[in-house]
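In: Based on what follows, work out the 3D shape:
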Amino acid sequence: MTHPMHRDRSLHELEREQWPAPSADDTRLIATALALRHRPIGELAVEDMRLLIGQDIGLPYLLPRALEVLRENPMAEGHMYEGDLLSAVLTANPAVLAGFPELGRELRAIISGLTGLPPDLQQKADRFLAPQDADAGRHP
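Out: Just a heads-up that it's a prediction; the model follows:
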């Protein structure tokens, strides 16, 4: 079961976890991720979701939102390259995605229909689509 999508609430509110404020020693990535945790998930851009999902932050709340975007445009692009959101989702913590089998099924349906993917993205898609027994529970 996925968490209901509370578009008007932030990960900070939804997760009810207090994270430290960014320090002067934090990288730009850390400072950005910390700031994005306070933005309502309905306001997160593709790049914001790519960054957070790539860091395995807020996955139970962001994966359903990312799948909404990927349904409309499987090659949705943040600031890196075409398909970077899909890449982040495909490489997200598999244990979290395994907890949401309906999202896994939907993701399989989306990527099964894609052709002509760049080699790196095709490799990630193939790994995701590989039979479960070949990778000891890697995929939902």
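In: sec struct for the residue of the chain most remote from its centre, please.
Out: In the chain, the residue that sits farthest from the middle, by Cα atoms, centre = their mean, is residue 24; the gap is 27.4 Å. In three-state terms, and counting by DSSP: H, G, I helix; E, B strand; the rest coil, residue 24 is coil.
In: distance of it from residue 31?
Out: To residue 31, residue 24 is 10 Å away according to Cβ to Cβ, to the nearest Å. For glycine as for every other residue, the C-beta is placed from the backbone atoms N, C-alpha and C.
In: Residue 126 too?
Out: Residue 126 is 35 Å from residue 31, by Cβ to Cβ.
In: Next: residue 76.
Out: From residue 76 across to residue 31, the span is 24 Å (Cβ to Cβ).
In: Of the two, give the one with the bigger neighbour count.
Out: The residue with more neighbours, out of residue 76 and residue 31, is residue 76; 21 against 14, by other Cβ atoms under 10 Å.
In: quick one: the more buried one from residue 57, how far?
Out: Between residue 76 and residue 57 the distance is 18 Å, computed by Cβ to Cβ.
In: Quick one: list the elements packing against the longest helix belonging to the chain.
Out: Assignment by DSSP state H gives helix 59-72 as the longest helix of the chain. On a contact count with 3 or more Cβ pairs under 8 Å, 6 or more residues apart in numbering; DSSP states H and E, helix 59-72 meets helix 11-15, helix 46-54, helix 84-90, helix 94-98, helix 101-112.
In: just those helices: most buried one?
Out: Counting by mean count of other Cβ atoms under 10 Å, helix 84-90 has the highest mean neighbour count of the helices and strands packed on helix 59-72, with a mean of 24.
In: before we move on, back to that, now the helices and strands packed on helix 59-72 as CSV including distance to residue 119?
Out: Shown next, in CSV, are those (distance: least, Cβ to Cβ, whole Å):
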stretch, distance to residue 119
helix 11-15, 33
helix 46-54, 19
helix 84-90, 12
helix 94-98, 22
helix 101-112, 15
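In: Residue 24 versus residue 7, what's the distance?
Out: Taking Cβ to Cβ as the measure, residue 7 falls 33 Å from residue 24.
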